[in-house]
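K.L.:
Sequence first, then the predicted structure, then my questions.
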Amino acid sequence: MTQPNTASIPVNGTGVDPKAMRVIWLLLVAAFVAILNETTMGIAIPHLNVDLGIPPELGQWMTSAFMLSMAVIIPVTGFLLQRFTTRQVFIAAMSLFSLGTLICLVAPGFTVLLTGRVVQALGTGIMMPLLMTTMMNVVPPRSRGRMMGRVGLVISLAPAIGPTLSGFILETLSWRWLFAIILPIALVSLGLGIRWMTNLGETRHMPIDVLSIVLSGVAFGSIVFGLSQLGTAGDAEAVAVGGMSPVALGGILLAFGLVMLALFVWCQIVLQRNDRALLDLRVMKSRNFTIAVIIMAVISMMMFGTLTLLPLYLQDVVGLDAMMSGVILLPGAVMMGLLGPFMGRIYDARGPRVLLVPGTVIVASALLFYSSVSQHTPWPVLMAVQTVMSVGMAMCFTPLFSASLGSLPRHLYSHGSATLNTLQQVGGATGVAILIGLYSGILHTGEAAGLSAAEAGAPGIRLAFLCAAGLALVPLTLSFFVRRPADSEEAEAPVAQPETN
């Protein structure tokens, strides 16, 4: 067992040991590169649909499968972060991500490309809980909002800037360059990690429950795939399976997934009695943590659903090219990233509600506006609304990360970050499936009636965003109940320091 060094901490601006800060910065850079891929496919999907000869419902799995794979691997990280060292987990995560990027780069068709995206996602899914758990272990409570603002920068800016980067690349190059540009950066990050990464915290030997892994994968996979099938209700070309309509198949898969999820939860409750759970659900006993992760899951549904649906609307309905679609999303992406650390300082000084309440109001208002757009809505208006919505998102992420994990005892940090990231990714994948499904169903129905893509797609866009605006009422209401963790929950316990080997 590797024991942490709990000696006095050399003080800097954040009260964190300089060696630990180097690890944090390395994790931040690696996580940014990995998460950037999560939304690069949004604008690329129309190109892939044409180049690979696949329908929109299949193409959107470039995004959904990525998020779903993350949701499958993230619950395992609660175990991994206790069983293996920081260095081992980091190298494994970046190796998987680099391998997946290489597979995507050389993929001859859709199946291999999708496989590469899944391998990428496995590495990305490990990275975020590793970053957040490390942050909670080495940063004193008085500085967590400030530091979590940097995590918020990664989680918000990276996926938001993905469509913009993708748009610029696709305007002049092929979709393979999306991976050719990322691969060398990933390999450099891996090399730096091998050279500089040190171990933080302690490890302990514990068996892994294979049944829990199987139940987790089957449950989340069935739920998201079932939702995507339900979204093909209006597709006249949807292929029935075994004489069963896609809607019927989707309903069965969704119900089956919920049953498997219930079994997974029951299995974890039993295993956690002996501290053997793959995902320790005792984190949900904290009311503050539970409320915060529910808000995070719903906001992720809206964020990833919007970042996937908006490029389709801009290209298919408004008639803009991929580069212009990326330009429209760029100001919001930059604003969201720049505001992360600033929001962290406000959290440290004033607590979560001063940010969360107005932030959720802004997000709900932006989605409500999107529910009234048409093919004639001016693009500068769309850019302004997306920028305002991004500000609202920035006001939500930092207080949610800090207040949720800060409400847990130290020994549950890894399971708390795994739970938070799992629900975030499942929420995102569900949001993409629901919004794309609603849009695609109405689009196909309109086209079958003889309408153009723009005329048929506009009603679908409005309905999808109206549903998102309705969902936004959930975080808006719950934001009033999130509080700053009490001093007893954020005790100034000795923080883990890097080993000196």
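P.N.:
Structure received. Nothing here was measured: the structure is a model prediction, and the numbers come from that model.

K.L.:
tell me which residues in the helix or strand hosting G123 are buried?
P.N.:
In this structure, G123 sits in helix 110-138 according to DSSP states H and E. Using 16 or more other CB atoms under 10 Å as the burial criterion, the residues of helix 110-138 that qualify are 110, 113-114, 116-138. The way it works is simple: take the backbone N, C-alpha and C, and place the C-beta from them, glycine included.

K.L.:
can you name the farthest residue from the center of this structure?
P.N.:
Relative to the C-alpha centroid of the chain, counting by CA atoms, centre = their mean, G450 is the outermost residue, at 37.6 Å.

K.L.:
What secondary structure category should be reported for that residue?
P.N.:
Under DSSP: H, G, I helix; E, B strand; the rest coil, G450 falls in the coil class.

K.L.:
by contact count, what packs against the helix holding G123?
P.N.:
helix 18-36, helix 41-52, helix 61-83, helix 86-106, helix 144-172, helix 379-405, helix 413-448 (3 or more CB pairs under 8 Å, 6 or more residues apart in numbering; DSSP states H and E).

K.L.:
now the last one and helix 41-52, what's the angle there?
P.N.:
So that's helix 413-448. With axes from the mean of the first three to the mean of the last three CA atoms, to 10 degrees as the criterion, the two stretches helix 413-448 and helix 41-52 enclose an angle of 50 degrees.

K.L.:
Dump the helix or strand that helix 413-448 is followed by to CSV, keeping only the CA atoms.
P.N.:
Moving toward the C-terminus from helix 413-448, the next helix or strand (DSSP H and E) is helix 453-471. Output of helix 453-471 as CSV, limited to C-alpha atoms (Å, rounded to 0.1, in the frame of the first residue of the first chain):
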residue,chain,number,x,y,z
ALA,A,453,-35.3,19.6,-45.7
ALA,A,454,-35.5,23.2,-44.4
GLU,A,455,-39.3,23.3,-44.3
ALA,A,456,-39.5,19.8,-42.7
GLY,A,457,-36.7,20.3,-40.2
ALA,A,458,-37.8,23.6,-38.7
PRO,A,459,-40.8,22.2,-36.8
GLY,A,460,-38.6,19.3,-35.5
ILE,A,461,-36.1,21.8,-34.2
ARG,A,462,-38.7,23.8,-32.4
LEU,A,463,-40.3,20.7,-30.8
ALA,A,464,-36.9,19.3,-29.7
PHE,A,465,-35.9,22.6,-28.0
LEU,A,466,-39.3,23.1,-26.5
CYS,A,467,-38.8,19.7,-24.7
ALA,A,468,-35.4,20.8,-23.6
ALA,A,469,-36.8,24.1,-22.2
GLY,A,470,-39.3,22.1,-20.3
LEU,A,471,-36.6,19.9,-18.8
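
K.L.:
The helices and strands packed on helix 110-138: which one's closest to L278?
P.N.:
helix 61-83 (5.5 Å; CB to CB).

K.L.:
phi, psi of the residue farthest from the centre of the chain?
P.N.:
phi 100, psi 10 (degrees, to the nearest 10).

K.L.:
for A107, same thing?
P.N.:
Phi and psi for A107, reported as degrees, to the nearest 10, are phi -60, psi 130.

K.L.:
From N37, how far out is it?
P.N.:
With distances defined as CB to CB, to the nearest Å, the gap from A107 to N37 amounts to 14 Å.

K.L.:
between the two, which one's more packed in?
P.N.:
Of the pair A107 and N37, N37 is the one with more neighbours under other CB atoms under 10 Å, namely 26 against 19.

K.L.:
For the more buried one, which non-adjacent residue is closest in space?
P.N.:
Counting by CB to CB, 6 or more residues apart in numbering, Q120 is the residue found nearest to N37 once chain neighbours are left out, at 5.8 Å.
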